[in-house]
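Chemist: pasting the structure only:
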């Protein structure tokens, strides 16, 4: 990702839309429980995810931003003051880079196949 986040972005993740399995994630300066993220994006919590649609909601002291492209769900957790337009620009960049690097391998990636924490 280009540019700095100055502590505004704490989590990035990618999941498949169909089974909501998180196939890539990274946290920065925060502990993020992936089980909690999986519950948050589960079909019982978010019943439909439409490609190209942006979703934003607040959870605790943070905001979550999600968008779906080509059967993949891209998500980020930011502080509440981080502008949504920046969060979605970040997700667009994540999507371009992720698809360029991983491509169709995302269809068969295992749960948590590409994770990290800094």
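Modeler: That came through, no problem. Keep in mind that this is a model prediction, so the values were computed, not measured.
Chemist: Near residue 63, how many other residues are there?
Modeler: 19 (other CB atoms under 10 Å). Using the backbone N, CA and C atoms, a C-beta is placed for each residue, glycine as well.
Chemist: partners of the residue positioned nearest the centre of the chain in the sheet?
Modeler: Nearest to the mean C-alpha position of the chain, counting by CA atoms, centre = their mean, stands residue 75 at 1.8 Å. Residue 75 forms beta bridges with residue 13, residue 66, as assigned by DSSP bridges.
Chemist: In the chain, where is pLDDT below threshold?
Modeler: Within the chain, the segments meeting pLDDT under 70 span 1-6, 110-118.
Chemist: mind checking the longest helix of it?
Modeler: The helix that spans the most residues within the chain, counting by DSSP state H, is helix 84-102.
Chemist: now what about it, what contacts it?
Modeler: 1-2, 8-9, 12, 14, 24, 54, 56, 63, 65-67, 69-70, 72, 74-76, 78, 106, 109, 114 (CB atoms under 8 Å, 6 or more residues apart in numbering).
Chemist: No more questions from me, cheers.
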